[in-house]
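Student: generate a structure from the sequence data that follows.
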Amino acid sequence: QVQLVESGGGLVQAGGSLRLSCAASGRTFSSYAMAWFRQAPGKEREFVAASTRSGGSTFYADSVRGRFTISRDNAKNTVTLQMNSLKPEDTAVYYCAAGQVTSRSERAYVYWGQGAQVTVSS
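Tutor: Residues are numbered from 1 along each chain as shown. Sure thing, here's the model as predicted:
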């Protein structure tokens, strides 16, 4: 069992930056692929970024590539999402997720955090 807790959301102006963190419980964090998804009002949840177990490979949605960076610290059981050059369309609830396989599909992830609100004003 893995419990995930996100932090770092908030309100920021367009062009600004935010850093989301996800703290994981348990001793097996390094055995899980980690990902970030987001869900905007009235829309389906969508993939944002993912990291392999070691952090050696990362994957991004086209809409955030070059602006967002996912990283993980297996010694501290944390995964972060650095978000730069934010746009109003990035406004959403952001979720971190853990799974056995690195994937862009939410079906691959077993454990989910409660979500963190990110609001970008124009």
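Student: ok, and what's touching stretch 70-84?
Tutor: Applying Cβ atoms under 8 Å, 6 or more residues apart in numbering, the set of residues contacting stretch 70-84 from outside is 17-26, 29-30, 34-36, 48-51, 54-55, 58, 60, 64, 67-69, 90, 94, 96, 118. Heads up, the C-betas are built off the backbone N, CA and C, glycines and all.
Student: return the distance of G10 relative to K76.
Tutor: G10 sits 22 Å away from K76, going by Cβ to Cβ, to the nearest Å.
Student: mind listing the strands for the chain?
Tutor: 4-7, 10-13, 18-24, 33-39, 46-51, 58-60, 68-73, 78-83, 92-99, 109-112, 116-121 (DSSP state E).
Student: each with direction, which strands does the shortest one pair with?
Tutor: Which is strand 58-60. strand 46-51 (antiparallel) (DSSP bridges).
Student: could I have the partner strand exported to CSV, CA atoms only?
Tutor: In CSV, the C-alpha atoms belonging to strand 46-51 read as follows (Å, rounded to 0.1, in the frame of the first residue of the first chain):
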residue,chain,number,x,y,z
GLU,A,46,-5.4,13.8,-18.7
PHE,A,47,-1.8,12.7,-18.6
VAL,A,48,0.8,15.3,-17.8
ALA,A,49,4.2,13.6,-17.1
ALA,A,50,5.7,10.4,-16.0
SER,A,51,8.9,9.0,-14.6
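Student: and that strand, what's buried?
Tutor: The neighbour-count check on strand 46-51 (16 or more other Cβ atoms under 10 Å) flags 47-51 as buried.
Student: thought V118 was touching A92?
Tutor: Yes. Shown here, V118 and A92 form a contact pair, counting by Cβ atoms under 8 Å, at 6.1 Å.
Student: okay, and the common contacts of those two?
Tutor: By Cβ under 8 Å, 6+ apart, the residues touching both V118 and A92 are R38.
Student: ok, back up a step: how about the strands of the chain in JSON lines, adding mean pLDDT?
Tutor: Below are those laid out as JSON lines (pLDDT from 0 to 100):
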{"stretch": "strand 4-7", "mean pLDDT": "96"}
{"stretch": "strand 10-13", "mean pLDDT": "98"}
{"stretch": "strand 18-24", "mean pLDDT": "98"}
{"stretch": "strand 33-39", "mean pLDDT": "98"}
{"stretch": "strand 46-51", "mean pLDDT": "98"}
{"stretch": "strand 58-60", "mean pLDDT": "98"}
{"stretch": "strand 68-73", "mean pLDDT": "98"}
{"stretch": "strand 78-83", "mean pLDDT": "98"}
{"stretch": "strand 92-99", "mean pLDDT": "98"}
{"stretch": "strand 109-112", "mean pLDDT": "96"}
{"stretch": "strand 116-121", "mean pLDDT": "98"}
